[in-house]
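what's the 3D shape of this:
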Amino acid sequence: MTVDDDVILALKAHDEDLIRSGQCIWVGAEPTYTDRMSEQPEWLFDALGDDKKERAHQILARLAKDASGAAVVRSVGRQYGGEPLPRWSFGLYTRRDGQPVWEGPPDPFLSEPTSAPAPEQLAKALSQTLTADGFAAAVLDSPLQHRVVFRVDNEPLTICGETEPLLARPSVHRKRVKDAEVVDSLSGEGHYLICFDNKEDGCLRAELPAIKETALFERLLAALSAAARSIGVPALILCGYPPPVDDDIAWMTVTADPAVIEINMAPAAHAADLLQDLRRLDAATVAEGLSSYRLQYNGDESDSGGGGQITLGGPSPEASPFLTKPILLPGLVHYFNRHPSLSYLHAFESVGPASQAPRVDEGVRGALSELSLSLALLRRIDNPTPETIWGTLSPFLADPSGNSHRSEINIEKLWNPFLGSRGQQGLVEFRALRMGPSAETTASLAALLRSVAAMLADHPCQDPLIDWRDELHQRFSLPFFLHQDFKEVLADLDKTGFGLQPPLVNHLLRDKDLLMTTCVLGQMQLEIRRAIEFWPLVGDVATQERGGSRLIDASTSRIEIRLRSATDDCTLDDWNLSVDDWAIPQHDAQDADGAARVVGLRYRSYVPDRGLHPMLGSQSPLTFCLSHPVDGTWRITIHPWDPDGAAYPGLPATMTDARERRRARCVVKKIDGVATPLVDPPGEAIGSHVVDLRWK
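Purely as a prediction, here's the structure:
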């Protein structure tokens, strides 16, 4: 049996646990991919770019070829501040039962377009097909005879008066989105407008209206398929408003985000199905030269740059477990507060209050007591309505500026009245997740979150919130303590019947990308890992919300130093750690591997053009010493680059290559002794688990 088979079997066991418990928790993912070898702006920081768009074409084409009867729909995407038009979004619309929704001409993604009939011919054919199907339909008069309007409610068509200007409206792809979502004023009044043109390389294009019911949308697709076939249309672009979805429909989109291509996957009822979809997606993106991770020149590993959010919900908004079991969401808030590993162990590089997904207790001081009161008041209501749940928790699940999109537990699509139809989907999105390096990692994270949700639905967490204060960014910045906390979560799942099998746990115990080096010094083993740093925003939070990006000071780094006995008779008490003349205090700890001494070092790794503390210089390379009265003294230097200052021949080709570069940056040398007398660091520099060397 292969490792991949082990993961599938473990996910199926997880799915069976949820089925036995009677829980129905659907899961979706938003994986992101990048060209890790490119240094073009669209693959480093820009959202849009020609190469990115072409790669997205090809990804969708590869996925569509394996989805017989699917409709390719190029719907209007999201619009963000500073961008003149909505972003492109290429989608795949399919029925979950395998029945076709589209039997018309293929999208040009899938075939070479040839000469096509005029748009007016297709408009006429569609009008006739709709009329034969019982709709009230008509082709508009010249010069709009390439447009068809229809109704479905037996009311007469209105193609003059107040409706007339709307019938001549510009393409939805060529106008700004003013509110939370693009709105179709015509369809809101019962008039559905389809516009045809051939402006994209001569290929016919049909711009579809906004339709709320999937049954009506499928009838329109069937009529359009028949009309296009009847006049010999060789290829057809379907575009316009996003199509409707329900539990019978799978709707996946490929869209643009800064530095990455983002895939909004169709939610799955089972984690094993999600893994199969992720593997197909991975195959398509790898074939286009894209990756789910980045390898920096110096060997540091990071995710794609776009995150890897996971969403939980139900087969429909009303069937969402967060609405059918109102105790679940408050329980999640409690449980995540008490287990910081769920926030930080698989987080992307930028975490903390200024990040894209701050914890609820990383906001304004004093908000935790208000949250405790809100949760207590919510518990007093037997069956709170969706409006009450959302209204109670949404003020707290936001970043310090009040942005509800930037929250670790994001409920802006739970039952939000201010986002139109997008806001009331019964969904909870977990945003503090880096893009997993593999499909198996992402699926394992999805199983973890489903298991935690299932556990809390059956065993509500009502323990008091913990005010971690400085402990949150001290102890839980270090991988050692994150792993300890995470194993407590796994133990809770085991006790309640929702435990995860070892193949999944192996993907969840993130460590290899954090490890910088490990070596034996005398009778002691030294391990150095990257720790979590909390980069601050430069300037006021609210004033930076309106821009396309925010200025963060990323010049501070943090490492974890872990000491263990390499032999049975080694005593860690005899080992001393120092940085220059500072004697660094160490924390005694214990885990399944035995006794350890753990401490974090925080230092300035470079001087930014704009940032905090302009008078503070770089402290890189970082040097510290480990000494023992018998074994001797070693100097360890952590270089940000090749120790010899040489240029790397290029980006690392593989993770093995990256890890070797990282190991080579840690230079260990035995020396005669510590030259200067050691002193205790000033009190300001000493935290409970981290020493801040910037005070030197």
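
Just name the shakiest helix or strand of this structure by mean pLDDT.
helix 541-544 (a mean of 54; mean pLDDT, DSSP states H and E).

what's downstream of that one, the next helix or strand?
strand 556-565 (DSSP states H and E).

Find out how far that following strand is from the centre of the chain, if you would.
28 Å (Cα atoms, centre = their mean, to the nearest Å).

repeat for stretch 652-665
Worked out by Cα atoms, centre = their mean, stretch 652-665 lies 26 Å from the chain centre.

That stretch: which residues count as buried?
P652, A658, R659, R661, R662, R665 (16 or more other Cβ atoms under 10 Å). Just so you know, the C-beta spots here come from the backbone N, C-alpha and C atoms, and that holds for glycine as well.

Check stretch 225-236 too.
By neighbour count on 16+ other Cβ under 10 Å, the buried set for stretch 225-236 is S225, A226, A227, A228, V233, P234, A235, L236.

ok, T94 touching A70?
Yes: contact criterion Cβ atoms under 8 Å: T94 and A70 qualify, at 4.3 Å.

list residues touching both of the two?
Overlap of the contact sets of T94 and A70 (by Cβ atoms under 8 Å, 6 or more residues apart in numbering) consists of V101.

before we move on, the earlier item: and of the buried residues of stretch 652-665, the nearest to F418?
F418 has its nearest neighbour among the buried residues of stretch 652-665 in A658, at 43.8 Å by Cβ to Cβ.

and the gap between that closest one and D35?
For A658, the distance to D35 equals 17 Å [Cβ to Cβ, to the nearest Å].

swap in M435?
14 Å.

Please apply the same query to V101.
32 Å.

And the two? Which one has more around it.
Under the neighbour definition other Cβ atoms under 10 Å, V101 and D35 were set side by side, and D35 has more, 22 against 18.

Look up the closest residue to the more buried one, ignoring the ones flanking it.
Using Cβ to Cβ, 6 or more residues apart in numbering and skipping the chain neighbours, the partner closest in space to D35 is W43 (4.6 Å).

Count the residues that sit near that neighbour.
Counted with other Cβ under 10 Å, residues neighbouring W43 total 24.

same thing with I466?
Count around I466 with other Cβ under 10 Å applied: 15.

average model confidence for the longest helix seen in the chain?
Of all the segments of type helix in the chain, defined by DSSP state H, the longest one is helix 439-458. Across helix 439-458, pLDDT averages out at 97.

ditto for stretch 552-563
For stretch 552-563, the mean per-residue pLDDT is 96.

Next, the buried residues of that stretch.
Buried, per 16+ other Cβ under 10 Å, within stretch 552-563: I552, D553, A554, S555, T556, S557, R558, I559, E560, I561, R562, L563.

who's in contact with the nearest residue to E42 once chain neighbours are set aside?
Distance criterion Cβ to Cβ, 6+ apart; nearest residue to E42, sequence neighbours excluded, is G49 at 2.6 Å. By Cβ under 8 Å, 6+ apart, G49 lies in contact with Q40, P41, E42, W43, A256.

which one of these is nearest A347?
W43 (22.1 Å).

quick one: the closest one from R62, how far?
From W43 to R62 the distance is 19 Å (Cβ to Cβ).

likewise D644?
For D644, the distance to R62 - Cβ to Cβ - is 43 Å.

Quick check on these two: which one has the bigger neighbour count.
Shown here are D644 and R62; by other Cβ under 10 Å, R62 has more neighbours (18 against 7).

any idea which element that one lies in?
Going by DSSP H and E, R62 is in helix 50-65.

got the contact list for that helix?
Contacts for helix 50-65 (Cβ under 8 Å, 6+ apart): 35, 38, 40, 42-43, 70, 72, 88, 90-92, 107, 109-110, 252, 254-256, 261, 263, 280-281, 283-285, 287-290.

and that helix, average pLDDT?
The average pLDDT within helix 50-65 is 96.

and after that helix, which helix or strand comes next?
Using DSSP H and E, the helix or strand that directly follows helix 50-65 along the chain is strand 71-75.

Which residues outside that next one are in contact with it?
Contacts for strand 71-75 (Cβ under 8 Å, 6+ apart): 60, 64, 88-94, 101-102, 106-107, 109-110, 208, 221, 237-243, 253.

just the buried members of those residues?
Buried members of the contacts of strand 71-75, counted by 16+ other Cβ under 10 Å: 60, 64, 88-94, 101-102, 106-107, 109, 208, 221, 237-243, 253.

Might you specify the subset of those located within helices?
L60, A64, L221.

Show the contacting residues for the residue nearest to D35.
T34, D35, R36, G49, D51, K52, A259, V260 are the contacts of W43 under Cβ under 8 Å, 6+ apart.

now, among those, which is nearest to T517?
Distance to T517 across the contacts of W43 (Cβ to Cβ) is lowest for R36, with 23.2 Å.

The closest one and Q296, how far apart?
As judged by Cβ to Cβ, R36 and Q296 stand 9 Å apart.

What of L378?
Going from L378 to Q296 by Cβ to Cβ gives 45 Å.

got it, and C24?
42 Å.

How about S557?
13 Å.

Please apply the same query to M37.
Distance, M37 to Q296, by Cβ to Cβ: 12 Å.

same check, this time on E213
Taking Cβ to Cβ, one finds E213 at 49 Å from Q296.

do P86 as well
33 Å.

and if you look at V139?
58 Å.

Same check on T517?
In this structure, T517 and Q296 are 16 Å apart, going by Cβ to Cβ.

With A447 instead?
30 Å.

Show me which of those two is the more surrounded one.
Counted by other Cβ under 10 Å, A447 and Q296 do not tie: A447 has more neighbours, with 31 against 15.

show me what contacts that one?
Shown in contact with A447 (Cβ under 8 Å, 6+ apart): A10, L11, H14, A271, L500, L504.

what about the first one, neighbour count?
As a burial measure, the neighbour count of A10 was computed by other Cβ under 10 Å and equals 25.

could we number from 12 for the rest of this?
Sounds good: first residue 12 from here, last item A21.

got any residues that touch both of M48 and Q307?
With Cβ under 8 Å, 6+ apart, M48 and Q307 have common neighbours L662.

so where's the protein shaky on pLDDT?
12-15, 171-174, 190-191, 375-377, 551-560, 685-686 (pLDDT under 70).

and it, what are its domains?
Annotated domains of the chain cover 14-49+272-519, 61-262, 526-706 [automatic domain parsing].

Just confirm D144 contacts A234, I think it does.
Yes: look at D144 against A234 with Cβ under 8 Å: they come within range, at 5.7 Å.

out of the two, which sits in the more crowded spot?
For D144 versus A234, the count of surrounding residues by other Cβ under 10 Å is larger for A234: 25 against 14.
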